[in-house]
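Visitor: Below is the structure, and that's it, no one-letter string:
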DNA sequence: TGCCAGGCCCTCTTTAGGGCCTT
């Protein structure tokens, strides 16, 4: 059973957009939060078994030379599956990361018991004034601490975690007592126009 | 051969189309 007070925020860098078209993971980064505090991190490059495009090299800064000596996806994902055991999961545009997580774990016959929540879907509802809901844009808009690194797995996971905690904080300031992972999922599934109604009903 | 993601969400919608996000 997933723990109620802890969660893992994760981010993949990949060779492209779709595991169904043969794309693979090339880096996984994650932070484990317990009661809103970072207690552990995970970051690992992985060798997908073929060369990545020059687009991906320049988009992520991860080069073929860096991947040449990296351990295989199978090896890294086996270790990552231990990291996320029994944890609920968060990602920015979670449907993307879930597809890659599921595809990579299926290859090694591993699974996980947690559920996914999506920081992008929550942000679209709670941060409606943002010029866009790209992770980098939300980080700028909300003045979230960052080290200037974007499109690397651990850096993006850290920023996503900070964004998530900021949104939880904002809900607490609006009178929602200790917004849970499940409550955040409910927010993400509520029609935009009904979010204020949900919050009004949920106030302590 | 040539093409290829997929889920969410809005609207000039629901017998559909297109932008936003992720790499």
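Guide: Structure received. Only a predicted model underlies this, so the values are computations on that prediction, with no experimental measurement involved.

Visitor: Indicate whether the lengthiest helix in chain A makes contact with DNA strand B.
Guide: Counting by DSSP state H, the longest helix found in chain A is helix A:153-173. Yes. With CB under 7 Å from any atom of the strand as the criterion, DNA strand B is reached by helix A:153-173 at residue A:156. All C-beta spots, glycine's among them, are computed from the backbone N, C-alpha and C.

Visitor: Pull the residues that contact that helix.
Guide: Contact with helix A:153-173 is made by A:9-13, A:27-31, A:33, A:36, A:38, A:41-43, A:90-92, A:119, A:122-123, A:126-127, A:135, A:138-139, A:142, A:144-147, A:149-150, A:178-179, A:183-184, A:187, A:199, as judged by CB atoms under 8 Å, 6 or more residues apart in numbering.

Visitor: Just the buried residues of those.
Guide: Among the contacts of helix A:153-173, those classed as buried by 16 or more other CB atoms under 10 Å are A:9-13, A:27-31, A:33, A:41-43, A:90-92, A:119, A:122-123, A:126-127, A:135, A:138-139, A:144, A:146, A:150, A:179, A:183-184, A:187, A:199.

Visitor: does the least confident helix or strand in chain A by mean pLDDT come close to DNA strand B?
Guide: Within chain A, confidence by mean pLDDT, DSSP states H and E is lowest for helix A:195-202 among all helices and strands, at a mean of 92. No. Contact of helix A:195-202 with DNA strand B (CB under 7 Å from any atom of the strand) is absent, the minimum separation being 9.6 Å.

Visitor: What of stretch A:138-148?
Guide: No. Judged by CB under 7 Å from any atom of the strand, stretch A:138-148 makes no contact with DNA strand B; its nearest approach is 7.8 Å.

Visitor: can you check stretch A:93-102 too?
Guide: Yes. Interface with DNA strand B: stretch A:93-102 contributes A:93, A:95, A:96, A:99 (CB under 7 Å from any atom of the strand).

Visitor: pLDDT score assigned to the closest residue to the first one other than its chain neighbours?
Guide: Spelled out, that is residue A:93. The spatially closest residue to residue A:93, leaving aside those adjacent along the chain, is residue A:120, at 4.6 Å (CB to CB, 6 or more residues apart in numbering). Residue A:120 is assigned 98 on the pLDDT scale.
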